[in-house]
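> my questions are about this predicted structure, shown below with the sequence.
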Amino acid sequence: MSFRLSGEIKDPELFRSIMDGGLDRGGRVFYREDDGGNIVEVVYFSGAKRVLFSGKIDQEFANRIRADGSKVKILEFDDDQGILKIVQE
């Protein structure tokens, strides 16, 4: 039996622990910024996990996301197909 994780969380410590545990195993973090350079959307993605962070992002957390993640222009998840679509500028 195999399980997959899909979620939306607001706790930055929980997101960091998922991110830290997965980046060494091939997971990726993607983020999107608004016109002012503020991070407005962050997702951790791997073959078995898709976790969207929807909480408050302080400067320290934003620096970590920028260091470990990839900035994209478009970030869309199709739940029916199980596909994460990303587009960079």
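Here it is on my side, so go on. In this text the structure is predicted, and so the values were computed from the model without any measurement.

> dump the residue contacts of the nearest residue to Ile9 once chain neighbours are set aside.
Leaving aside its chain neighbours, Ile9 sits nearest to Phe15 (5.7 Å; criterion: CB to CB, 6 or more residues apart in numbering). C-beta here means a position set from N, CA and C on the backbone, and glycine is covered the same way. With contacts defined as CB atoms under 8 Å, 6 or more residues apart in numbering, Phe15 is in contact with Ile9, Val42, Tyr44, Val51, Phe53, Gly55.

> just confirm the fourth one is within a strand.
Looking back up the chat, that one is Val51. Yes: assessed with DSSP: H, G, I helix; E, B strand; the rest coil, Val51 lies in a strand.

> quick one: contacts for it?
Residues near Val51 by CB under 8 Å, 6+ apart: Leu5, Ser6, Gly7, Glu8, Ile9, Phe15, Ile18, Val43, Tyr44, Phe45.

> distance of it from Gly36?
25 Å (CB to CB, to the nearest Å).

> in three-state terms, label the spatially closest residue to Ile83 that is not a sequence neighbour for me.
Excluding the flanking residues, the one nearest Ile83 by CB to CB, 6+ apart is Phe77, at 7.3 Å. Classification of Phe77 by three-state DSSP places it in strand.

> then Gly37?
Secondary structure, three-state DSSP: Gly37 is coil.

> good, wrapping up.
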